[in-house]
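Need a 3D model of the following:
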Amino acid sequence: MDPHLLTTFVTVARRGSFSAAAAELGYTQSAISQQIAALEADLGLPLLSRRPVEPTPAGRRLLEHAEPLLLRLRAARADVLRSAAAPRDRIALAVTPLGFTDALADRLARARAARPRLEVTVVTCGRERVAALVAEGEADLGLVDGLAAPSDPLRPPDAGPMTIAGVGEEDVVVALPAGHPLAGRAALRLADLADARWLRTPLCPLSRLRALVGDGFPVALEHRGDDVRTLIALVAAGHGLTLLPASALSATVLGGAVAGAVGVPVSAPRLVHRVELLHGTLPPGPAADLARALTG
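Next comes the predicted model:
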């Protein structure tokens, strides 16, 4: 299958419109229709219904393959170009909301002090997007975070060959309202909290808790953002519980941004908040130096 045709198909399916896809890709609407027709002829199956424009069952199956395939092609191109790239006074970072650590901030400050003309860009996004930006060469380095058993690696999304290394681990706490009956405990077991009211948030996916402990963890409220202060404010007001790295809760509360929330360590199962560095081929330069500093 022609990657250009796959790109057109994915764009039409995402935009739900032939004309919108034409505008995005810089083709005429007639050209978009011809490309979709060529892909359907190649497979011998209709991939998009026309009114409304949406994937057929076969089209949905193709989408499952097309997007990872196109990402791997972009990653291959970026990897080859990186291997021959000249050093640049620039570092582009992609990080998950809880992946930007104090160590990273300190190392960035040192890098900028050593290279006064260094340009630094930091983008905050979800785990899959971090991996994609690194794979595609839009970010030199990526940092992702998640819950894990001590010393166990995370499982970042598959976005092509890249180097993955741990750069930090810290304890995990249950974030509770200050007046909660369990707020004074020295430690808590997750199994004892399976019937409590929890926040559904991308910062702490409940699917991970259920995988570790089993069923339970009913949702009291859904939080779709990536702002830690908002999340802790919801906890403090009694909307539900969540898990956070200990430093995230203590820094926010001690900084005076949110009052009325406390963190109690998790005793079982033994968990840590782990941060990992992702990168492809790095030519000599500030990004390679920062990667060595973070993993050294």
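
Now do the helices in the stretch 1-150 of the chain.
If DSSP state H, counting those that start in this stretch is used as the criterion, the helices of the stretch 1-150 of the chain fall at 3-15, 18-25, 29-43, 57-83, 102-114, 127-135.

Burial check on the nearest residue to Leu62 once chain neighbours are set aside, number of neighbours?
With Cβ to Cβ, 6 or more residues apart in numbering as the criterion, Leu62 has its nearest non-adjacent residue at 6.1 Å, and that residue is Leu47. C-beta: built from backbone N, CA, C; applies to glycine. In terms of burial, Leu47 registers 23 neighbours under the definition other Cβ atoms under 10 Å.

next one: Asp171
If you count neighbours by other Cβ under 10 Å, Asp171 ends up with 15.

Kindly report the same for Asp42.
For Asp42, the count of nearby residues is 12 (other Cβ under 10 Å).

quick one: the residue nearest to Leu62 and Glu40 touch, right?
Yes. In this structure, Leu47 is within contact of Glu40 by Cβ atoms under 8 Å, at 5.3 Å.

what residue ranges in the stretch 151-296 of the chain score low on pLDDT?
Low-confidence segments of the stretch 151-296 of the chain, defined by pLDDT under 70, are located at 251-259.

Please enumerate the strands of it.
163-177, 188-189, 198-200, 219-222, 242-245, 261-268, 272-279 (DSSP state E, counting those that start in this stretch).

what packs against the fourth one?
To tie it back to what came earlier, the one meant is strand 219-222. Under the contact definition 3 or more Cβ pairs under 8 Å, 6 or more residues apart in numbering; DSSP states H and E, strand 219-222 sits against strand 198-200.

can you check the fifth one too?
Where contact means 3+ Cβ pairs under 8 Å, 6+ apart, strand 242-245 is packed against strand 163-177, helix 228-236.

How many residues are close by Ala92?
Residues near Ala92, counting by other Cβ under 10 Å, number 19.

From Asp140, how far off is it?
5 Å (Cβ to Cβ, to the nearest Å).

Is Ala220 in contact with Gly238, as I believe?
No. The pair Ala220 and Gly238 does not pass the contact test of Cβ under 8 Å, sitting 9.1 Å apart.

just to revisit the earlier point, tell me which of the strands of the stretch 151-296 of the chain approaches His4 most closely.
For these, the distance to His4 is smallest for strand 272-279, at 28.1 Å, taking Cβ to Cβ.

any idea how far the closest one is from the chain center?
In terms of Cα atoms, centre = their mean, to the nearest Å, the gap separating the centre of strand 272-279 from the centre of its chain is 11 Å.

who does it touch, helix- and strand-wise?
Packed against strand 272-279, as judged by 3+ Cβ pairs under 8 Å, 6+ apart, are the following elements: helix 127-135, strand 141-148, strand 163-177, helix 286-295.

Now the last one: buried residues?
It refers to helix 286-295. With burial defined by 16 or more other Cβ atoms under 10 Å, the residues of helix 286-295 counted as buried are 286-291, 293-294.

Tell me who's in contact with the most centrally placed residue in the chain.
The residue at the geometric middle of the chain, judged as the C-alpha nearest the mean C-alpha position with Cα atoms, centre = their mean, is Arg127 (1.5 Å). Contacts were defined as Cβ atoms under 8 Å, 6 or more residues apart in numbering; by that measure Arg127 touches 96, 144, 146, 156-157.

Which single one of those residues is nearest to Glu64?
In terms of Cβ to Cβ, no member of the contacts of Arg127 lies closer to Glu64 than Pro157, at 14.1 Å.

Lovely, talk soon.
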